[in-house]
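Student: any chance you can model this:
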Amino acid sequence: MADQTLDKDTRDRLAEQVKRFLEEEHDIEIGNMDAAFLIDFLTTNLGARFYNQGVRDAAAVFARRSDDLADDFYGLEKIESDR
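Tutor: From the prediction side, this is the model:
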């Protein structure tokens, strides 16, 4: 898996959300660069965990759907006579 990176637009939007959250919820004002550094830190240190959870969630959905398909195929089988 490659390093977790965000495109500039996404990084900028997340940094703005962090700045707004810290100011509104905690009365903490940080600058654009500090917010961007925080996003980079979180991406580097937490990104893989969130990514891996997403992969596990997708695999679980796939497994359930695969089981459903197997059940559907089994339901299509015809009774064979011994004649």
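
Student: only C-alpha atoms for contact and neighbour calcs from this point on.
Tutor: Will do.

Student: quick check: what element follows the strand or helix carrying residue 16 along the chain?
Tutor: According to DSSP states H and E, residue 16 maps onto helix 8-26. Of the helices and strands lying after helix 8-26 in sequence (DSSP H and E), the nearest is helix 32-76.

Student: please compute how far that following helix lies from its chain's middle.
Tutor: In terms of C-alpha atoms, centre = their mean, to the nearest Å, the centre of helix 32-76 is set 5 Å apart from its chain centre.

Student: by contact count, what packs against that helix?
Tutor: Judged by 3 or more C-alpha pairs under 8 Å, 6 or more residues apart in numbering; DSSP states H and E, the packing partners of helix 32-76 are helix 8-26.

Student: list the buried residues of the helix it packs on.
Tutor: For helix 8-26, the neighbour count (16 or more other C-alpha atoms under 10 Å) marks 11-12, 14-16, 18-20 as buried.

Student: ok, now stretch 29-41?
Tutor: Buried-residue list, stretch 29-41, by 16+ other C-alpha under 10 Å: 35-36, 38-40.

Student: what is the mean pLDDT for that stretch?
Tutor: Averaging pLDDT along stretch 29-41 yields 95.

Student: could you check how far that stretch is from the centre of its chain?
Tutor: The answer for stretch 29-41 is 22 Å, by C-alpha atoms, centre = their mean.

Student: look up how far residue 42 lies from residue 30.
Tutor: 16 Å (C-alpha to C-alpha, to the nearest Å).

Student: also residue 83?
Tutor: From residue 83 to residue 42 the distance is 68 Å (C-alpha to C-alpha).

Student: neighbour count for these two, which is higher?
Tutor: residue 42 (12 against 3; other C-alpha atoms under 10 Å).

Student: contacting residues around that one?
Tutor: Under the criterion of C-alpha atoms under 8 Å, 6 or more residues apart in numbering, residue 42 has no neighbours.

Student: and the helix or strand bottoming out on mean pLDDT in the chain with helix 8-26, angle?
Tutor: Every helix and strand in the chain was compared by mean pLDDT, DSSP states H and E; the lowest is helix 32-76, with a mean of 93. Inter-element angle recorded for helix 32-76 and helix 8-26: 110 degrees (by axes from the mean of the first three to the mean of the last three C-alpha atoms, to 10 degrees).
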